[in-house]
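Participant: give me the fold of what follows.
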Amino acid sequence: MSNPEKVVLILVGLVGSGKSAFATALESHFPRQWRRCNQDDLGNRAQVEILAKNSLRKGLSVCIDRTNIDESQRAHWIRLAHEFPGTRVWVIFFDTPYEVCALRLQRRTSHPTIHSPVMGLSVLSRFARDLSVPSANEGFHCMVSLEPVDTKVEYSDSDIVTILDRVRSSEAVMQSRPKPIRISWAERRGQSRGGPTRDIKTQSNYLSRAWQQGTVFPTQNTSSSIQPATEVDGDIGVQAGHTHGEVSPLLKDLLGVD
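Facilitator: The predicted structure is shown next:
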């Protein structure tokens, strides 16, 4: 794969959305060009930043594999890229519906920081409330949205190249877009088009259309037919007795939420 440019690739998505599967395959297939900077493995954002900077100094591109769920978190990596003149900033948003993430978390058998499905559902619910979809006016050069149909459990090298080509080619589209508009949370959840009980594919298609238009979604609570558990083991950090869970600073740092 030809990669003459240095890139800071920011992954965005909820826990269970498919970010790490992609990032792991990217580094595995192209280790001489890409370095995966994963917060679950490294422990905190400071360590992610150290690895990213060291890799960029060596001429590698870096993939920031953490949730990056709001504009302020993404801005940190944009500023880092600006420290290395000529570095491009790309974004991949894993547009995986809440319900799909929840199902994946219930089936997940191992994770560096989420040790049970109960904890996973509580963390998912809390993070979904704060998710804000990336928009063209944040300062990225390129960005694309991937739905579950676009992602895989295992990627071939050609799968990775196809996705990266999509990201690269999105720059021309971004430059031609009008200024992003805001839509209400009710519209995002499709309440004006049948409510949140619509099937997952229809919801995902609606979000994808809005994404392609450059729409900015305000941060709001995400409802779901799958209710999070109200209790989790307390040593990692979701406080028992809260429907949506209060995530401790330690767990936030491990999972990539500032």
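
Participant: C-alpha only now, for contacts and for neighbours.
Facilitator: Noted.

Participant: neighbours around residue 132, how many?
Facilitator: By the criterion of other Cα atoms under 10 Å, residue 132 has 18 neighbours.

Participant: quick one, phi/psi of it?
Facilitator: phi -130, psi 120 (degrees, to the nearest 10).

Participant: please report the distance of it from residue 14.
Facilitator: 10 Å (Cα to Cα, to the nearest Å).

Participant: between those two, which contacts overlap?
Facilitator: Listed as contacting both residue 132 and residue 14 by Cα atoms under 8 Å, 6 or more residues apart in numbering are residue 69.

Participant: residue 76: neighbour count?
Facilitator: Neighbours of residue 76 using other Cα under 10 Å come to 12.

Participant: residue numbering should commence at 566 henceforth.
Facilitator: In the new count, where the first residue is 566, that last one comes out as residue 641.

Participant: list the buried residues for the longest helix seen in the chain?
Facilitator: Looking across the chain with DSSP state H, the single longest helix is helix 722-741. For helix 722-741, a neighbour-count test (16 or more other Cα atoms under 10 Å) marks 724, 725, 726, 728, 729, 731, 732, 733, 735, 736, 739 as buried.

Participant: same check, this time on stretch 658-670
Facilitator: 658, 659, 660, 661, 662, 663, 664, 666, 667, 669, 670.

Participant: follow-up on the earlier one: what comes into contact with the longest helix of the chain?
Facilitator: 566, 587, 590-591, 594, 655-657, 701, 706-709.

Participant: tell me the mean pLDDT for that helix?
Facilitator: The average pLDDT within helix 722-741 is 90.

Participant: low-confidence ranges in the protein?
Facilitator: 566-569, 673-685, 688, 741-823 (pLDDT under 70).

Participant: please enumerate the strands of it.
Facilitator: Secondary structure of the chain (DSSP state E): strands at 572-577, 599-603, 626-630, 653-659, 707-711.

Participant: could you dump those strands to TSV with distance to residue 717?
Facilitator: What follows is the strands of the chain, written out as TSV (distance: least, Cα to Cα, whole Å):
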stretch	distance to residue 717
strand 572-577	15
strand 599-603	18
strand 626-630	16
strand 653-659	12
strand 707-711	11
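
Participant: okay then, goodbye and thanks.
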